[in-house]
Each structure stands twice: as structure tokens, then as C-alpha cells.
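1. Output the structure for:
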Amino acid sequence: MSASSVSRRRVLSLWLPRLPIDRIQRFFGNVGLHKSNDPSIVVIKDNNALVIHALDEAAERLGLYIGQPLANARAMCPDLRVFDADVVADAKTLSDVADWCDRFTPLVALDPPHGLFLDITGCAHLFGGEAALLRTLVRALARQGFAVSAAIAGTSVCARTLTRQATGTIVADGEEAEVISRLPISALGAGETITTGLRRAGLKTIGDVAARTPSEITARFGARFSTLLAHALGQGDAPINPRKPLPDYIVEKRFAEPIATDTMIAMTLSRLADTLIASMEKQGKGARRLEAAFFRTDGVVRAITVETGHPVTRSAVIDRLFRERLDALADPLDPGFGFDMVRLSASRTEIVVQEQRDLDAHVHDNDDLAALIDRIAARIGGKRVVVHLPQDTHIPECAVLAAPAQHHLAAAMQAEWPARAESEPPLRPLRLFDKPEPIKVPFATVPDGPPHQFTWRRALHAVVRVEGPERIAMEWWRQDGKQLTRDYFRIEDAEGLRFWIFRDGLYEGECFDHDGKPVPPSWYVHGLFA
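-> Below is the predicted model of the structure:
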């Protein structure tokens, strides 16, 4: 493939200059509150003083500006509506907008605090070209209640610079330097110190700075600013950092008229599953993690994820898993005014290994068990369906690891557990407590012997039979010396209840007070036998 046939990178920069105030006004509209015509601002504390963080168009027409002290703003406009800044809520809103922008490209990156980058390389033609895509995006966000500024260029820095000064600009490849040369240096966003230094040097536009030699700029303002300037001029660019990894396979369906019924949603998912399976089958792949994203007309996006224990190669399995997942949602899928796009993606896939299935009954049993686990996990969550794996340690509470069944089923079926000796009682209790519970032991037969009686959960238990001790020393290479040696006993009380208790520490060997005198060690119950 020749270099000329490779698509050059194209980046769309999106800027929401009034995001904090737009978020608040959208909230009032969503809850049905009347929108006031009074000027509105958002304030934030800066150096122990409240200053304007964001303002609406009415406040801007009155001459208010970002960074202005609240006292001065109130003096200019007594009827000013003031709201406190909520940086966390603003970030959540920006993330929601980024989710909605996934309809244009899966490569969406955050440009904090109020911007986004969309890598639209090779996908603009799906929306009628770059100009049509830009208009569609801006108009849709404006209908959702946002003030929007957007531009397209060959580098993210150049596109970002244009959104601050020349919204709607589309720069052809290789013309970045010519287009931004007339813009003021403040558009670069290099910081107040560098911007002031450039102005004092008589450099007012980006073109003025670009006319100087790079070594001169670097010596005066640093290598970081020189790199920023080069990227703005189209001379190389740093890659954007997408919020989500690019899925292995993506299929989607767009609707001229939004859909809202469960039947249409199920039919759409079924058709997308057929298409997705057909695409993966060509490369011998199966899906391990699937995500269905539903894009509402009002900008809300809902994503549903399912995982599988084995690679899925049949669309019927995908239908069943998503049906289980949708039926079990605590927050049902709300179509609002309808979904205008549904996307199905496989974010994790694996090569399908062909197995002999006609003569091996165990393969069919494993498939049925894996399918059952997938269905249960889709309904109640994959972390709630676990298998237990033995661990190479003699510490009782660490001897078993609970792992998600979907990802460790094969290992669990091949795991080797310690064999139980015939005609011998079990060495470990049927029920092992996550955290040993303390018991009160008035005295023992000998310093290192078992107790005659103990109190657990305010009930007194008289010991009639004892087996032990089984001494377990803590792993010295995994602890700091604070864990003590344990002596475990299998005991039975007068009512026939069987306990697994231990003494934490060796008397006159590990248990001492602050004065160095030996003290009685502590006792715990760690489990119950059947």
C-alpha cells in the first residue's frame, strides 16, 4: 500500500464553553422547573474568594466575565442568579456527552475540563462528509441544551485552538499553519505566564511566534511550548487517549424513526447478533465479552454488558444472554422518546478451538454447564457465580480462592484437592468463618493444651472430646512477624456440637505484655463441623 493511499489523521475538537451553567439549566428543564430569564452564573472558590466559573449568554452581555469576583458581579447586576460549582457533576456530564459521541466514532477522548476529541479518520463519509458530520453534531448538542464550539483539523492541537477562536472551521490537510497563523496566541491555551511573556515580546498572533526560529522559542519559553506550537502548525501531533479500548468487532443499526418497543429492540439485537457472528466466523473468532449500547434521541446512552465462559459462536446464545440481562435489570431500560441507534460490539474475542464433540460426552456436559453459568451470571452478575480453587498454602483462610466461574471453570474442574483419609474425620470444618471469632477460655489443662470449657456468642460450651493439636506456623516470608503460631483443636461439646478452635500464640513463647512478662494467649473459633 502506498503512502498516498493511507488516510491521513483527522480530528474533531468539541468544546462546551458553558458546560457548568448548561448542566444546571438542563436540570431545571428536566424536572419541569421554569427557566428564569435572569442572568445566571456559576461561582467557585479561588484564593478564599468566590469568582465566576461559568456564565450564561445573558450574563455575558452585561459585561461579566470568567474569573471576575462575585462581589463585583453583584454590584453590576443585583438580580444575578448564583449557583455553586460542582466539578464532579460537570465531569459526569462531559462523560455522558462523550458516550453520546460514540455514535460518530469509537475513538473519543476527554479534553478536560469542558472538551472532547473525536478521531474521525476514515468515518466522516458515513455521515455525508466532514462538514455534514460537524453540522449534525453541533445541532444535536444544541438541541440538548449545550453551547457548542467545534472544528476539524489534521492535529488535535490545531482543532482545539480553532474551537476557541474560529468555531465551525474545517482545515484541509497541510493547511493548519496558514489557517491558525492569524489567531491570537491566547488561543493556544499555553497558560497565562507564557501568553503574557509572548505579548511583552511583541508577539501577538500565532503567526508572529511561528516566524521565530524554534531554538529561540525553546530557549525562552521551554520545549513543551515549542512542541505545542509545532503541533498547532500541523508539524506532528501527540496521539489522543480514547476513553475506551476499541472493540474487536462493531455492528450497529440506525433508525430514521426512533424505536421504543421491547419487540423492536429484541428484533434489532437479534439481527445485529447475526451480523456480528457472521463477521467473527470469517476469522474463526468467538465473543467472550459483548456490549449492547442504546442511544436515545435526547442524548442519553445506556450500555448493557454480558460475559461468557467460552467463546460464543451462535447468535441464539447472544439473544438468550441479553434477554436474561435485560429482564434482570434493577433499573429497566427506559427508551424515553425512543432509540435512534443500537450498537452491538464484541470487546473481547478469542480464536475458537475445534473439539471432537460426537464421541466425548464430557464436552457436551461442560458446554451445558458453561451455558448455565453464563445465563446465571447475566441475570445476577458474574462476580456472584464463583468456583473454588485450591491454593498452595497451609494457612486455613488462604487455602481456597473464590474466583469467577465464567473465567475459571476449566481450572476448577481440573483442580486437585487433598484426599480425605478413610474412616477418619475431616481435617477441616464444613463451614469456615471468613474471620475467626474470639472465645473466652477460663483455663486450659496445660499451658499448651485444650480448654475444659469456653464461651462463644454468650453461650457456655463444656468440652467432652478433643483431637489435636495441629500446629500451624504463619508463613514468615509473607508477614512482618506480628502473626503468631496457631494450635488448632477439633473439639466436641456436651450437646454434640463440633468446633474447630485455635490458640493464637505460644504461652511463654510469643505472648508477652509491655513489661515482657508472659500473658495467656487468645482463643478463637474458626469453623464448625457438620
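2. lowest-confidence helix or strand of this protein?
-> helix 361-380 (a mean of 74; mean pLDDT, DSSP states H and E).
3. Convert the C-alpha atoms of whatever helix or strand comes next after that helix to PDB, please.
-> Proceeding N to C from helix 361-380, the next assigned helix or strand is strand 386-390, under DSSP states H and E. Taking C-alpha atoms only, strand 386-390 is exported to PDB below (Å, rounded to 0.1, in the frame of the first residue of the first chain):
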ATOM      1  CA  VAL A 386     -17.900 -18.500  41.700                       C
ATOM      2  CA  VAL A 387     -15.800 -21.600  41.900                       C
ATOM      3  CA  HIS A 388     -13.300 -22.500  44.500                       C
ATOM      4  CA  LEU A 389      -9.600 -23.200  43.600                       C
ATOM      5  CA  PRO A 390      -7.100 -24.800  46.000                       C
END
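4. Need the contact partners of strand 386-390.
-> The contact list for strand 386-390 (C-beta atoms under 8 Å, 6 or more residues apart in numbering) reads 399-405, 408-409, 411-412, 415-418. All C-beta atoms are positioned from the backbone trio N, CA, C, and that covers glycine.
5. rewinding a little: what packs against the least confident helix or strand of the chain?
-> Helices and strands touching helix 361-380, by 3 or more C-beta pairs under 8 Å, 6 or more residues apart in numbering; DSSP states H and E, are strand 301-312, helix 315-327, helix 405-414.
6. Including distance to Ala71, could these go into CSV?
-> Formatted as CSV, the helices and strands packed on helix 361-380 follow (distance: least, C-beta to C-beta, whole Å):
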stretch, distance to Ala71
strand 301-312, 41
helix 315-327, 53
helix 405-414, 59
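7. Strands of the stretch 201-350 of the chain, residue ranges please.
-> Along the stretch 201-350 of the chain, counting by DSSP state E, counting those that start in this stretch, strands occupy 249-259, 285-296, 301-312, 339-351.
8. Adding distance to Gly449 and mean neighbour count as columns, could you present the ones you listed in TSV?
-> Listed next are these as TSV, based on distance: least, C-beta to C-beta, whole Å; neighbours: other C-beta atoms under 10 Å:
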stretch	distance to Gly449	mean neighbour count
strand 249-259	66	15
strand 285-296	55	21
strand 301-312	49	20
strand 339-351	56	20
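9. Please render those as TSV that adds distance to Ala73 and mean pLDDT to the earlier fields.
-> Formatted as TSV, those follow (distance: least, C-beta to C-beta, whole Å; pLDDT from 0 to 100):
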stretch	distance to Ala73	mean pLDDT
strand 249-259	42	93
strand 285-296	37	93
strand 301-312	36	90
strand 339-351	41	93
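10. between those strands, which one is nearest to Arg384?
-> strand 301-312 (12.6 Å; C-beta to C-beta).
11. Can you list the strands that that closest one pairs with?
-> Sheet pairing for strand 301-312, assigned by DSSP bridges, gives strand 285-296 (antiparallel).
12. between the partner strand and helix 405-414, how many degrees?
-> Interaxial angle of strand 285-296 relative to helix 405-414 (axes from the mean of the first three to the mean of the last three C-alpha atoms, to 10 degrees): 160 degrees.
13. now the strands of the stretch 201-350 of the chain as TSV including distance to Ile472?
-> Output for the strands of the stretch 201-350 of the chain, formatted as TSV (distance: least, C-beta to C-beta, whole Å):
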stretch	distance to Ile472
strand 249-259	51
strand 285-296	39
strand 301-312	35
strand 339-351	40
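14. right, and those strands - which one's nearest Pro426?
-> When the strands of the stretch 201-350 of the chain are ranked by proximity to Pro426 (C-beta to C-beta), strand 301-312 comes first, at 30.5 Å.
15. how far out from the middle of the chain is that closest one?
-> 15 Å (C-alpha atoms, centre = their mean, to the nearest Å).
16. Would you mind writing the CA trace of it as PDB?
-> Taking Å, rounded to 0.1, in the frame of the first residue of the first chain, the C-alpha atoms of strand 301-312 are listed here in PDB:
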ATOM      1  CA  VAL A 301     -26.900   6.300  26.300                       C
ATOM      2  CA  ARG A 302     -27.500   3.000  28.100                       C
ATOM      3  CA  ALA A 303     -24.900   0.200  27.800                       C
ATOM      4  CA  ILE A 304     -25.600  -3.400  28.800                       C
ATOM      5  CA  THR A 305     -22.700  -5.900  29.100                       C
ATOM      6  CA  VAL A 306     -22.600  -9.700  29.200                       C
ATOM      7  CA  GLU A 307     -19.600 -12.000  29.500                       C
ATOM      8  CA  THR A 308     -19.200 -15.700  28.600                       C
ATOM      9  CA  GLY A 309     -17.100 -18.500  29.900                       C
ATOM     10  CA  HIS A 310     -16.400 -19.900  26.400                       C
ATOM     11  CA  PRO A 311     -16.200 -18.000  23.000                       C
ATOM     12  CA  VAL A 312     -19.700 -17.600  21.700                       C
END
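17. angle of that strand against strand 339-351?
-> Using the same axes, to 10 degrees: strand 301-312 against strand 339-351 is 30 degrees.
18. ok, which stretches of the stretch 351-500 of the chain are strands?
-> Using DSSP E, counting those that start in this stretch, strands in the stretch 351-500 of the chain cover 386-390, 400-404, 431-439, 453-456, 459-472, 486-493, 498-504.
19. what is the rounded mean pLDDT of the first one?
-> Per-region confidence: strand 386-390 scores 85 on mean pLDDT.
20. same check, this time on the second one
-> Strand 400-404 comes out with an average pLDDT of 84.
21. residue ranges for the strands of the stretch 1-150 of the chain, please.
-> Under DSSP E, counting those that start in this stretch, the stretch 1-150 of the chain gives strands at 11-15, 40-46, 49-55, 81-84, 108-111, 115-119, 149-153.
22. Just the C-alphas of the fifth one, formatted as PDB.
-> Written as PDB, here are the backbone C-alpha positions of strand 108-111 (Å, rounded to 0.1, in the frame of the first residue of the first chain):
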ATOM      1  CA  VAL A 108     -13.500   9.600  21.800                       C
ATOM      2  CA  ALA A 109     -11.000  11.200  24.200                       C
ATOM      3  CA  LEU A 110     -11.600  13.600  27.000                       C
ATOM      4  CA  ASP A 111     -10.100  17.100  26.800                       C
END
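23. From the chain's centroid, how far away is it?
-> Centre-to-centre, strand 108-111 and its host chain are 15 Å apart (C-alpha atoms, centre = their mean).
24. and that strand, what does it pack onto?
-> strand 11-15, helix 87-101, strand 115-119.
25. mind listing what's buried in the longest one?
-> Looking back up the chat, that one is helix 87-101. Buried residues in helix 87-101, counted by 16 or more other C-beta atoms under 10 Å: Asp90, Thr93, Leu94, Val97, Ala98, Asp99, Trp100, Cys101.
26. returning to that earlier point: could I get the strands of the stretch 1-150 of the chain as CSV with distance to Thr455 and mean neighbour count?
-> Formatted as CSV, the strands of the stretch 1-150 of the chain follow (distance: least, C-beta to C-beta, whole Å; neighbours: other C-beta under 10 Å):
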stretch, distance to Thr455, mean neighbour count
strand 11-15, 67, 24
strand 40-46, 56, 20
strand 49-55, 60, 20
strand 81-84, 55, 15
strand 108-111, 58, 20
strand 115-119, 63, 24
strand 149-153, 72, 25
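27. In CSV: those, plus distance to Val179.
-> Below are those laid out as CSV (distance: least, C-beta to C-beta, whole Å):
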stretch, distance to Val179
strand 11-15, 13
strand 40-46, 32
strand 49-55, 28
strand 81-84, 37
strand 108-111, 19
strand 115-119, 18
strand 149-153, 8
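28. Perfect, that will be all.
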